[in-house]
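[1] When you get a sec, could you give me coordinates for this:
(chains A and B)
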2 protein chains.
Amino acid sequence: MKITYDLKHVDKNTKARYGFLNTNHGSFETPMFMAVGTQATVKTLSPEELKKVNSAVILCNTYHLWLRPGEDVIAKAGGLHRFMNYDGPILTDSGGFQVFSLVKNKKKEITEEGVHFKSHLDGANLFLTPEKSIQIQNKLDSDIAMSFDECPPASASYEYLKNSIERTLRWAKRGKDAHQNENQSLFGIVQGGAYSDLRSFSAKQTVALNFDGYSIGGVANDGESKEDMYAAIDYSIPYLPEDKPRYLMGVGDPIDIIEGVIRGVDMFDCVLPTRLARHGNAFTRYGKINIRNAQYKEDFEPIEKDCDCYACKHYTKAYIRHLIVANETFGARLLSIHNIRFLISLMEELRKAIQEDTILEYRKDFIRKYNSGGKCEKDQKNNL
Amino acid sequence: MKITYDLKHVDKNTKARYGFLNTNHGSFETPMFMAVGTQATVKTLSPEELKKVNSAVILCNTYHLWLRPGEDVIAKAGGLHRFMNYDGPILTDSGGFQVFSLVKNKKKEITEEGVHFKSHLDGANLFLTPEKSIQIQNKLDSDIAMSFDECPPASASYEYLKNSIERTLRWAKRGKDAHQNENQSLFGIVQGGAYSDLRSFSAKQTVALNFDGYSIGGVANDGESKEDMYAAIDYSIPYLPEDKPRYLMGVGDPIDIIEGVIRGVDMFDCVLPTRLARHGNAFTRYGKINIRNAQYKEDFEPIEKDCDCYACKHYTKAYIRHLIVANETFGARLLSIHNIRFLISLMEELRKAIQEDTILEYRKDFIRKYNSGGKCEKDQKNNL
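    Residues are numbered from 1 along each chain as shown, chains lettered A, B, ... in the order given. Presented below is the predicted three-dimensional model:
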């Protein structure tokens, strides 16, 4: 069975939408943030811990799993869900982003057929094509697969982008023709930088291929401005059908998520919450804090008093600081739980605000607090 | 309240004893293995995960906590239990072993007053005395503290050891006099290498100081033979009172645990299960295996079919191998759960065997299987 999307409500002042995405591994409400399980594990966490923070769907990386342990091992295990003991919905990317970002400092050659490049692990020569990406994802047996696209750098010229989106469209068609897993849905990807005409062309032509959902790509590259990101969304969304989910790839900053939701996006993913955690950073309503800071050495309060996550219910900033300073994995684990819960809570509040037609007020309040500066103690006391 | 020990049964053929140790944070059956939470966390694991494998008591390292975050931070948090959110019994060591092992390649000077040495973290000059060790442990507020002793290397001469145990006795007396936490029990430590007369002298004189329990130290140094370890236990045990617990420090090899239990030991600790886990090793009834081995790449069975731990109930060797090979922390976490559960299960079986007076048969069966060589597949199939 393919996924289905039920649109329940559109905010009266914006394009923000509340709905349900139904998969073979359960339904979840949208807008939703997806935690990233790059190598078939959301770093440091168990599937049970993800469920406890109401994480409803995860993303895994086709490129990494192709290299290790290999898609055939996962197929023999019975697919990705059984391999990693995760029975919720899983989305896989196409490998394209990793090919164009992880290997950016090494030689790669883009041809009409596909991309020649070297493994970031051992330098081995690899060749990824639209068909190969889909075949790998078919074997991984994720609920939702992505078309193989080119992810041009933020610095790419108009001419380069124009040729690129045309090739990405040809790749999308080839991948769709190669797709053979009846229980797996396939998304097309809209590219085109921050150019209105390229985004609309890419969106219309991709929609013409009739995918199960649509992604907006090319917005999470290094060097891309917020304005370009929001413009890319604004230029793409009007051409996407109302009855299919929309996924903004690689975005996890809380304010960017809110801006994306307001512009009509349903799904987000990012390594940010777990990566920040490993570096000792925690999301709070008053901005990010770094728990390594000396001010937390004898701070026996939780990261956020009102947070309902396991880390905040049982542990103090002083303890988590100690764990991070002492390189103890349990510290990254506690911060990962908190940071993912933070974004999932944000999505819960956004869904509520959409249903109540109050998302513009929500954005205003959230941004005012969040940008109050990390120097959150004073703001918290004043309960801004 | 100090701890109490209830002796319930002594095996009819050996010195193995079954009993209960009662602490302010609950009672547990002995013999018992203690997982090690060096820096106020059992590496990669939560307190809840420790409880699920029936881990009943943990050990934390005074030396590490003195350096980071400092005993005053932990005292301000309300003690070690509250600091780390662990409500079961906690034992702290004295710091002696770390001073004599971690800093072994750097200059240290042993005086009658204490030990001058350099921090393994930043090279800062430090001075640890029997009084200081006890004061730190008083502030940590563990259930059981250890006397500060010298841990001479396995290569130490008879003359050196003789002087060392006499100084350790003077240190034990000074530490006992300095001890001021009424809710914390204090153990004395028997040293003396593999010399019968030194062990008996050390044991008798330590017991004369009337501690709440007795440790046998100096058996887990590099270069010590199994025979020396077993001899050290045999030479010490006869002089220890029946109504106090006996703790063999730093021992976690399954066969060594069995040999210690048979010789009358009640408590063991070791970093082995978690350290092995981080290097991809798993205990099995048929010897240790390294999950990185290529033979496990497509092995979709659990580490041990009969094991009741979370890792064995939900994950395959192929998946755990993938996580370890890909440097994913969740792999070390799953193997840590399994390895600790393995030793805790061993203790459960030993306690049952003691109560049934069958520990000699248990030892024979266990060692035959365990030493069958890591090439366990054949043995497992034959159900040896």
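[2] ok, whatever residue of the stretch 101-250 of chain A ends up closest to chain B - contacts?
    Nearest residue of the stretch 101-250 of chain A to chain B (CB to the nearest CB) works out as residue A:121 at 9.5 Å. Any C-beta I mention is one placed from the backbone N, CA and C, and that applies to glycine too. Applying CB atoms under 8 Å, 6 or more residues apart in numbering or on different chains, we find residue A:121 in contact with A:67-68.
[3] again with the one 4 residues further on
    Taking CB under 8 Å, 6+ apart as the criterion, residue A:125 is in contact with A:116-119.
[4] Between those, which sits nearest residue A:10?
    Residue A:10 has its nearest neighbour among these in residue A:117, at 41.7 Å by CB to CB.
[5] how far away is the closest one from residue A:111?
    Look at residue A:117 and residue A:111: by CB to CB, to the nearest Å, they are 11 Å apart.
[6] who's more crowded, these two?
    Regarding residue A:117 and residue A:111, a neighbour count based on other CB atoms under 10 Å in any protein chain shown identifies residue A:117 as having more, with 22 against 10.
[7] Who are the contact partners of the more buried one?
    Residue A:117 is in contact with A:99, A:103, A:106-109, A:125-128, counting by CB under 8 Å, 6+ apart.
[8] who in the stretch 151-300 of chain A is up against chain B?
    A:297-298, A:300 (CB under 8 Å from any CB of the partner chain).
[9] Tabulate those residues (JSON lines), appending pLDDT.
    Putting those into JSON lines (pLDDT from 0 to 100) gives the following:
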{"residue": "A:297", "pLDDT": "98"}
{"residue": "A:298", "pLDDT": "98"}
{"residue": "A:300", "pLDDT": "98"}
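[10] Just the residues you listed: which are in helices?
    Judged by DSSP state H, these include no members of helices.
[11] Could you identify which of the contacts of residue A:125 has the most neighbours?
    Top of the contacts of residue A:125 by neighbour count (other CB under 10 Å): residue A:117, with 22 neighbours.
[12] Could you check the pLDDT of it?
    According to the prediction, residue A:117 has pLDDT 92.
[13] In which helix or strand does it reside?
    If you go by DSSP states H and E, residue A:117 is part of strand A:115-118.
[14] quick check, the lengthiest helix in chain A touching chain B?
    The residue-count maximum for a helix in chain A (DSSP H) belongs to helix A:329-355. Yes: counting by CB under 8 Å from any CB, chain B is contacted by helix A:329-355 at A:329-333.
[15] where does the stretch 251-384 of chain A dip in pLDDT?
    For the stretch 251-384 of chain A, the stretches with pLDDT under 70 are A:374-384.
[16] where along it do the helices fall?
    Here the stretch 251-384 of chain A has its helices, by DSSP state H, counting those that start in this stretch, at A:254-262, A:272-278, A:310-314, A:317-325, A:329-355, A:359-370, A:376-382.
[17] Next: the stretch 1-150 of chain A.
    A:47-52, A:62-67, A:71-76, A:80-84, A:96-101, A:130-140.
[18] averaging pLDDT over each of those helices, which comes out lowest?
    Among the helices of the stretch 1-150 of chain A, helix A:96-101 scores lowest, at a mean of 87.
[19] tell me which parts of the stretch 1-150 of chain A are close to chain B?
    Counting by CB under 8 Å from any CB, the stretch 1-150 of chain A comes close to chain B at A:39-41, A:43-46, A:64, A:68-69, A:73, A:76-77, A:83-85.
[20] Report the central residue of chain A.
    residue A:269 (1.0 Å; CA atoms, centre = their mean).
[21] shouldn't it be in contact with residue A:36?
    Yes: counting by CB atoms under 8 Å, residue A:269 touches residue A:36, with 5.7 Å between them.
[22] Next, show the common contact partners of these two.
    residue A:59.
[23] Mark out where each domain of chain A begins and ends.
    A:4-270, A:277-378 (automatic domain parsing).
[24] Let's have those in TSV, adding distance to residue B:343.
    Formatted as TSV, the domains of chain A follow (distance: least, CB to CB, whole Å):
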stretch	distance to residue B:343
domain A:4-270	22
domain A:277-378	20
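[25] check contacts around residue A:185.
    By CB under 8 Å, 6+ apart, residue A:185 lies in contact with A:2-3, A:23, A:143-145, A:212-213.
[26] what's the answer for residue A:291, then?
    Counting by CB under 8 Å, 6+ apart, the residues that residue A:291 touches are A:280-282, A:303, A:317, A:320-321, A:324, A:331, A:335.
[27] same thing but 6 Å
    A:280, A:282, A:320-321, A:324 (CB atoms under 6 Å, 6 or more residues apart in numbering or on different chains).
[28] With residue A:75 instead?
    Residue A:75 makes contact with residue A:139, according to CB under 6 Å, 6+ apart.
[29] Would you check which pair of the contacts of residue A:185 lies furthest apart?
    Maximum distance among the contacts of residue A:185 (CB to CB): 12.2 Å, for A:23 and A:145.
[30] more crowded one of these two?
    residue A:145 (27 against 23).
[31] so the more buried one bridges to which residues?
    Legend: beta-bridge partners of residue A:145 under DSSP bridges are residue A:186.
[32] What of residue A:33?
    Applying DSSP bridges, one finds that residue A:33 bridges with residue A:268.
[33] just checking, residue A:96 touches residue A:146?
    No: look at residue A:96 against residue A:146 with CB atoms under 6 Å: they stay out of range, at 7.7 Å.
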